[in-house]
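[1] predicted model follows, preceded by the sequence.
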Amino acid sequence: MINKRREICIIDASNKVLGRLATQIAILLRGKNKVNFLPYLDQGSFVRVTNIDKIKITGKKLANKKHFHYTGYPGGLKESKMKDIFKKNPGQVLKRAVYNMLPKNKLRKEMIKRLIIQ
């Protein structure tokens, strides 16, 4: 029988590296830390992340890494640097990193909804 109750995991992001934190969050959202893990079921937990503005980004990623967004119109590929996105909304950088680490199937949208960034 599948347990319908989901637990809430609270993570403090201060002084943690972006990629390593994103992998921990992806594992919790997916439910891989549980004994009864099945890849085709969504059994993950809620994850609440605090102090996101104190996260560490290693290397020259803030200056060099670019994020792309397509508007849906011809010639509508928008490009922005990670530094600008982090300054405007630091949670968006973490959310995008976690989103790309989740499996690329129908469960991904439901998993990312359980990520709460404060």
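    Nice, thanks for sending it over. On a predicted model such as this, the values are computed, not experimentally measured, just so you know.

[2] for residue 71, what are its contacts?
    77-78 (Cβ atoms under 8 Å, 6 or more residues apart in numbering). Yep, even glycine has a C-beta here, placed from its N, CA and C like the rest.

[3] isn't residue 94 up against residue 18?
    Yes - counting by Cβ atoms under 8 Å, residue 94 touches residue 18, with 6.6 Å between them.

[4] list residues touching both of these two?
    Shared contacts of residue 94 and residue 18, counting by Cβ under 8 Å, 6+ apart, come down to residue 55.

[5] so who does the residue sitting nearest the centre point of the chain touch?
    Most central in the chain under Cα atoms, centre = their mean is residue 98, positioned 2.5 Å from the mean C-alpha point. Residues in contact with residue 98 (Cβ under 8 Å, 6+ apart) are 22, 25-26, 29, 112, 115.

[6] just residue 61 next, same as before
    Residue 61 makes contact with 18, 82 under the criterion Cβ under 8 Å, 6+ apart.
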